[in-house]
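Engineer: turn this into a model:
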Amino acid sequence: MSPFPPLIGEPSLAGQPEWLDPISVLFLLLGLFFILFGLASHLVRGKFFIPSSVVATLFGILLGPKGLGLLASPATDSGGWSDGSENEEAREFLRWGARLILGIQVLAAGILLPTRYLAHRKNLVTLGTLLFPVMVTSSLISGLFAYLLIPGIGWYESLVIGACLGPTDPVLAGSVIKGHFADRHVEKSMRDVLLCESGANDGLGTPILLLALSLLVSTSSDPPPSAPTTSLQLLANFLTSILLYNTVLSLVAGALIGFAVRLLLIQSRRRGWIDEDSMLVFSLATSFAIIGSMTLLDTNAFLACFVAGVVMSWDDEVENVLHTKVRGSFQFDALIDICIFTVLGSVFPFDQWLSSSSPISFGRLVSLATLVLLFRRLPGVLLFSKGLPAVKTWGKTVFLGWFGPMGVGALYYALEADVSSSSLATEIFQVVSFVIFASIFVHGLTIRESPFFLCHCLFF
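Structural biologist: Now for the predicted structure:
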């Protein structure tokens, strides 16, 4: 018998010859993709201003069940994400992947802010306006569009969808926060506003989602025994479980962890125990530790990561080194972006989107995505523009109202809603994933040509 595999073998379960290992082919294509994209990265990102998230999403679609099928899994075997108990492991894997990516990114956002950025009143007021009235308005507007366009869902279900779509994604926001486009066209103060908001709102978007889920579960026909059912119980649950435990505890824990880490770094550097090359690994390890500990406590890991990052870089001695190392981790950021959006591209449920038997038609999805992209954020920003002292001109206000991409954060919230209310799994993921798909390409490909960006440039 020949030691070499036959050129033609019996088909495997995946429809491939037995000798053709799909995992080997997958890593081969991933390696070739990284090489080719690396060789043309300046051309793609520097000249055409196409973010890596767009390219990686297209690559994920190519590898997914609608393309080569190399990323086909129980979660993607029917042309995208399918519903059913067989997807629990795949969903949990994707949920943890999104959680880790977001934790790393929001910690990095806190570190990259200027020293004592939130100690200035105008920056703190601007962040408070974006996180509370603007994000709440964005969630309500998105929920209203979902309620009007998606058949068969009630107001509480639409609120859950709106809560998933409320926050600005820190990964996709990187296209105007860092890189050649940001350096050339977006001034530093505007980048800091977007960086701070995208880092903080994934954490403070969690209470909105939890409140919407509490309202939904309390009005269901068969609520769990521990679920609040009366108005007084809902109020008590919101104040104690959501505000105090999930939000305030996470904020305090993040501040304490960041303060302790900063002291350890200062003492270690003064004694010459740590080299500067370990700073990036140290920040990654901190984000992993916070995510693990906060998840064990069943509280808000993203808010704790962001606050810890802000406190870690509050001291000039640590801030200079952390800024240099985190800003210099361009290759690592590119690797993260490509990996997560490749996976995301492979799980988009194209069959559900295009199915004629689906209760949510493709036309309704397109209409919803168009309305959400255009009007989810802009009315709130314009309405509360007086509370944005760090945004100095009308053009910047309009640009800020347009640029609020939805990506990994919305995906994570949709998966969290799936865990809490499995009856809505198909509808939530179908709707949220399509809006994410639209946001990746619309915000990624039209940022330079959009009228909102032109307003930003004309009224600079």
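Engineer: isn't residue 127 up against residue 197?
Structural biologist: Yes - with contact defined as Cβ atoms under 8 Å, residue 127 reaches residue 197; the gap is 6.5 Å. The C-beta positions use only the backbone N, C-alpha and C, and glycine is treated the same way.
Engineer: which one's more surrounded, the two?
Structural biologist: The residue with more neighbours, out of residue 127 and residue 197, is residue 197; 25 against 21, by other Cβ atoms under 10 Å.
Engineer: how about the nearest residue to the more buried one, chain neighbours excluded?
Structural biologist: Among residues not flanking residue 197 along the chain, residue 130 sits closest, at 4.7 Å (Cβ to Cβ, 6 or more residues apart in numbering).
Engineer: does the one you found count as helix, strand or coil?
Structural biologist: Here residue 130 is helix, with the state taken from DSSP: H, G, I helix; E, B strand; the rest coil.
Engineer: tell me the contacts of it?
Structural biologist: Residues near residue 130 by Cβ atoms under 8 Å, 6 or more residues apart in numbering: 193, 197, 201, 381, 388.
Engineer: what's the spacing between the fourth one and residue 255?
Structural biologist: Counting by Cβ to Cβ, to the nearest Å, the gap between residue 381 and residue 255 amounts to 28 Å.
Engineer: of the two, who's got more company?
Structural biologist: residue 381 (25 against 16).
Engineer: show me what the helix or strand containing that one is packed up against.
Structural biologist: Using DSSP states H and E, residue 381 maps to helix 378-383. With contacts taken as 3 or more Cβ pairs under 8 Å, 6 or more residues apart in numbering; DSSP states H and E, helix 378-383 sits against helix 135-149, helix 394-402.
Engineer: thinking again about what came up before, and the residue nearest to residue 197, how far from residue 108?
Structural biologist: Distance check for residue 130 against residue 108: by Cβ to Cβ, it reads 19 Å.
Engineer: output the helices and strands packed on helix 378-383 as CSV; include the columns mean neighbour count.
Structural biologist: Formatted as CSV, those follow (neighbours: other Cβ atoms under 10 Å):
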stretch, mean neighbour count
helix 135-149, 22
helix 394-402, 22
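Engineer: which stretch in those is the model least sure about?
Structural biologist: Mean pLDDT per stretch puts helix 394-402 lowest among these, at a mean of 85.
Engineer: that helix versus helix 135-149: what angle between them?
Structural biologist: If you take axes from the mean of the first three to the mean of the last three Cα atoms, to 10 degrees, helix 394-402 sits at 50 degrees to helix 135-149.
Engineer: for helix 394-402, which helices and strands make contact with it?
Structural biologist: Judged by 3+ Cβ pairs under 8 Å, 6+ apart, the packing partners of helix 394-402 are helix 188-204, helix 378-383, helix 451-458.
Engineer: again, only using 7 Å
Structural biologist: With contacts taken as 3 or more Cβ pairs under 7 Å, 6 or more residues apart in numbering; DSSP states H and E, helix 394-402 sits against helix 378-383, helix 451-458.
Engineer: alpha carbons only: can I get it in PDB?
Structural biologist: Only the C-alpha atoms of helix 394-402 are listed here, as PDB (Å, rounded to 0.1, in the frame of the first residue of the first chain):
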ATOM      1  CA  TRP A 394     -21.700  71.300  13.600                       C
ATOM      2  CA  GLY A 395     -19.900  69.200  11.000                       C
ATOM      3  CA  LYS A 396     -18.300  67.100  13.700                       C
ATOM      4  CA  THR A 397     -21.600  66.600  15.400                       C
ATOM      5  CA  VAL A 398     -23.200  65.300  12.200                       C
ATOM      6  CA  PHE A 399     -20.200  63.000  11.600                       C
ATOM      7  CA  LEU A 400     -20.500  61.700  15.200                       C
ATOM      8  CA  GLY A 401     -24.200  61.100  14.600                       C
ATOM      9  CA  TRP A 402     -23.500  59.000  11.500                       C
END
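Engineer: quick check: mean pLDDT across the next helix or strand after that helix?
Structural biologist: Going down the chain from helix 394-402, the next helix or strand is helix 408-420, by DSSP H and E. Mean pLDDT, computed over helix 408-420, is 83.
Engineer: next, the buried residues of helix 408-420.
Structural biologist: 408-418 (16 or more other Cβ atoms under 10 Å).
Engineer: report the distance from that helix to the chain centre.
Structural biologist: On the basis of Cα atoms, centre = their mean, to the nearest Å, helix 408-420 sits 10 Å off its chain's mean C-alpha point.
Engineer: for stretch 396-409, same thing?
Structural biologist: Between the centre of stretch 396-409 and the centre of its host chain there is 13 Å, according to Cα atoms, centre = their mean.
Engineer: end to end on that stretch, go ahead and measure it.
Structural biologist: 24 Å (Cα to Cα, to the nearest Å).
Engineer: what of stretch 112-119?
Structural biologist: 15 Å.
Engineer: shaky segments in the stretch 1-150 of the chain?
Structural biologist: For the stretch 1-150 of the chain, the stretches flagged by pLDDT under 70 are 1-22, 46, 71-88.
Engineer: still on that earlier bit, so what touches the helix holding residue 381?
Structural biologist: For helix 378-383, the surrounding residues in contact (Cβ atoms under 7 Å, 6 or more residues apart in numbering) are 133-134, 137-138, 141, 397, 400-402.
Engineer: nearest to residue 48 among those?
Structural biologist: residue 402 (20.2 Å; Cβ to Cβ).
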